[in-house]
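> I'd like to go over a predicted model; first the sequence, then the structure.
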Amino acid sequence: MNYQQFRSALADEITHTAEEGIEVSFSRERKNNDIATENLILGSGMYRLLPSVDMHDLYHEHRKGVPVRHLARLVLHEYEMARKKKGVPEDFFRSYDDISSDIYCKLISRERNHELLKEVPHRQWSDLEVICYYRANSDWLKGGVITIRSEHLAYWGISSRKLFSDAWKNTAGMHPVFRKLSSVLMEMENEVWSPGDAGGSVVTAAVPAGAFEEEEMSADDGACRADESMTACDSACGADEDMGACDSACKADEGMGACDSAFRVDEGMGSCDSACRADEDMSTCDGENTAGISGFMCPLYILTNERKCLGAITIAIPGEAEAIAKSLGSDYFVLPSSIHECLILPDTGSYNRQMLDHMVTAVNSSQVEPEDVLSDHVYHYSRSAGAFD
């Protein structure tokens, strides 16, 4: 059956199998890099946790031979697991003071996120953009990520200046990881280097109905994990990056108009390991931390944060670029291998930007998940100028 037929069949199967009162709805989501997808959302009454499942993943499984009835049972199982979770505060995400210490910055592509950037506070960094996200530490939402949107600021009554001031302070407080890539790859082989601890189910937390009614929300408002969105519905909208690592937000889906608001958690950040996978393909490191790039031998370093997730922002932390140049004792290139980390290549005079740009573009197109791509070109830091040129 085609996708539309599968969509209807799955909804019917869930409705017929589930207990009375379970509601099935669909939401269009926009992940990082404006990648569109559709999620299936279940909910009933006043339950505040609603699992959300990527429909294209389900359809892919069906095309591999998994029956619709089995997929329906899987979705319902996820719903039951979410419903049994306890400890969700009634005021979750309503007080800025309660969450301000867990708001951080992340780097995304400007070129690939035209729609998302209409919906979120952002600041320019070179040809990229810095946006903010909330990372949950509660047991019931461990590792969940919520992209901060303009609607959130209006609800909390804070300015973007305040948001970024707190986010930069928290981001700088995360310990940067700047290490030889060869050492990291060796640890990965020995299962010492973990790709990040974020992950888990996608959930939606309802917020007060009409909380944003006074605002004019665009038809594209919202997305989580810098890429997800909010579902149009009644009192508890289902709303999303990747995440498979990511990874809630306030939004009205494209073409669905404004709705009574909700905050959706980004799809758990399981894709954080894609960063390191891409690094492996960029290099053939040996014990001396050398990597074969276009026939040359050169040292490579990895730069990320202590969580190994959304760590590319580390290069933009005030003072970090200068500290790296001092440590290396030279100029260097930044190879943006994903939104999760960068590779640092000392400038020995053996490499030119065109060659390195070609390498980054090739890896992005073949090894990095589309929603994790940061940029197709490298950046060069001049030690004498004390800036990127």
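Happy to help now that I have it. Numbers count the residues shown, from 1 in each chain.
> Name the SS class of F26, please.
strand (DSSP: H, G, I helix; E, B strand; the rest coil).
> quick one, domains of this protein?
3-84, 96-174+195-270, 272-388 (automatic domain parsing).
> and these, which one's lowest on average pLDDT?
For those, the weakest mean pLDDT is recorded on domain 96-174+195-270, namely a mean of 63.
> What does S384 show for phi and psi?
phi -70, psi -40 (degrees, to the nearest 10).
> Apart from its neighbours in sequence, what residue is nearest it?
Of all residues not flanking S384 in the chain, D331 sits nearest, at 7.9 Å (Cβ to Cβ, 6 or more residues apart in numbering). Any C-beta I mention is one placed from the backbone N, CA and C, and that applies to glycine too.
> For S337, give me phi and psi.
phi -70, psi -20.
> ok, it to N364 distance?
From S337 across to N364, the span is 8 Å (Cβ to Cβ, to the nearest Å).
> Only the buried residues of the helix or strand encompassing E322, if you could.
Element membership for E322 (DSSP states H and E) is helix 320-328. Residues of helix 320-328 classed as buried: E320, A321, I324, A325, L328 (neighbour count, 16 or more other Cβ atoms under 10 Å).
> Then stretch 300-319?
Across stretch 300-319, burial judged by 16+ other Cβ under 10 Å covers 300-305, 307-317.
> end to end, how far does that stretch reach?
Using Cα to Cα, to the nearest Å, one end of stretch 300-319 lies 20 Å from the other.
> can you check stretch 313-328 too?
Span of stretch 313-328 from end to end, Cα to Cα: 20 Å.
> Run through who's touching it.
104-107, 125, 130, 168, 171-172, 176-178, 303-305, 331-332, 334, 341-342, 344, 346, 379, 381, 383, 386-388 (Cβ atoms under 8 Å, 6 or more residues apart in numbering).
> mind listing which of those are in strands?
Using DSSP state E, the subset of the contacts of stretch 313-328 located in strands is 104-107, 125, 130, 176-178, 303-305, 332, 334, 341-342, 344, 346, 379, 381, 387-388.
> PyMOL command for the buried members of the residues you listed?
A single PyMOL command selects the buried members of the ones in strands among the contacts of stretch 313-328 (16+ other Cβ under 10 Å):
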select buried, resi 104+105+106+107+125+130+176+177+178+303+304+305+332+334+341+342+344+346+379+381
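> Give me the spatial nearest neighbour of L58, chain neighbours excluded.
Nearest to L58 is L71, by Cβ to Cβ, 6+ apart, at 5.3 Å.
> Tell me how far that neighbour lies from L153.
38 Å.
> who's more crowded, those two?
Using other Cβ atoms under 10 Å as the criterion, L71 and L153 rank with L71 on top: 22 against 18.
> pretty sure that one is in a helix, no?
Yes: counting by three-state DSSP, L71 is found in a helix.
> quick one: contacts for it?
Neighbours of L71 in contact, by Cβ under 8 Å, 6+ apart: L10, E13, L58, E61, H62.
> now D98
Taking Cβ under 8 Å, 6+ apart, one finds D91 in contact with D98.
> picking up where we left off before, among the contacts of L71, which one lies nearest to E119?
L58 (26.5 Å; Cβ to Cβ).
> Reduced to three states, what does the closest one come out as?
What three-state DSSP gives for L58 is helix.
> cool, and D12?
helix.
> any idea how far it lies from N2?
Relative to N2, and taking Cβ to Cβ, D12 is found at 16 Å.
> the more surrounded of those two?
D12 (13 against 7).
> picking that back up, can you add distance to R161 and give the buried residues of helix 320-328 back as TSV?
Formatted as TSV, these follow (distance: Cβ to Cβ, whole Å):
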residue	distance to R161
E320	22
A321	23
I324	28
A325	29
L328	34
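> and C132, that one's in a strand?
Yes: counting by three-state DSSP, C132 is part of a strand.
> so what's it up against?
I103, Y104, C105, K106, V120, P121, T147, I148, L163, F164, A167.
> Thought S101 was touching the last one, still the case?
No: using Cβ atoms under 8 Å, A167 is not in contact with S101; the gap is 10.5 Å.
> In terms of neighbours, single out the busier of those two.
A167 (25 against 11).
> show me what contacts the more buried one?
I103, Y104, C105, C132, I148 are the contacts of A167 under Cβ under 8 Å, 6+ apart.
> Those into a markdown table, with extra columns for distance to V184?
Formatted as a markdown table, the contacts of A167 follow (distance: Cβ to Cβ, whole Å):
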| residue | distance to V184 |
| --- | --- |
| I103 | 28 |
| Y104 | 22 |
| C105 | 23 |
| C132 | 27 |
| I148 | 30 |
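> quick one, strands of the stretch 1-150 of the chain?
In the stretch 1-150 of the chain, the segments counted as strands under DSSP state E, counting those that start in this stretch are 23-31, 35-43, 52-54, 103-109, 123-125, 128-135, 145-147.
> Buried deepest among those, which one?
strand 145-147 (a mean of 34; mean count of other Cβ atoms under 10 Å).
> Tell me the buried residues in the next helix or strand after that strand?
Note on strand 145-147: by DSSP H and E, the next helix or strand toward the C-terminus is helix 150-156. Neighbour counts over helix 150-156 (16+ other Cβ under 10 Å) mark S150, E151, H152, L153, Y155, W156 as buried.
> what is the orientation angle of the helix holding E322 with strand 341-346?
If you take axes from the mean of the first three to the mean of the last three Cα atoms, to 10 degrees, helix 320-328 sits at 40 degrees to strand 341-346.
> Adjust the sequence numbering to begin at 9 for everything that follows.
Okay, residue one is now 9; in that scheme the one you just asked about reads as helix 328-336.
> Chain neighbours aside, what residue packs nearest to T25?
Spatial nearest neighbour of T25, chain neighbours left out: A80 (5.6 Å); criterion: Cβ to Cβ, 6+ apart.
> what about that neighbour, neighbour count?
23.
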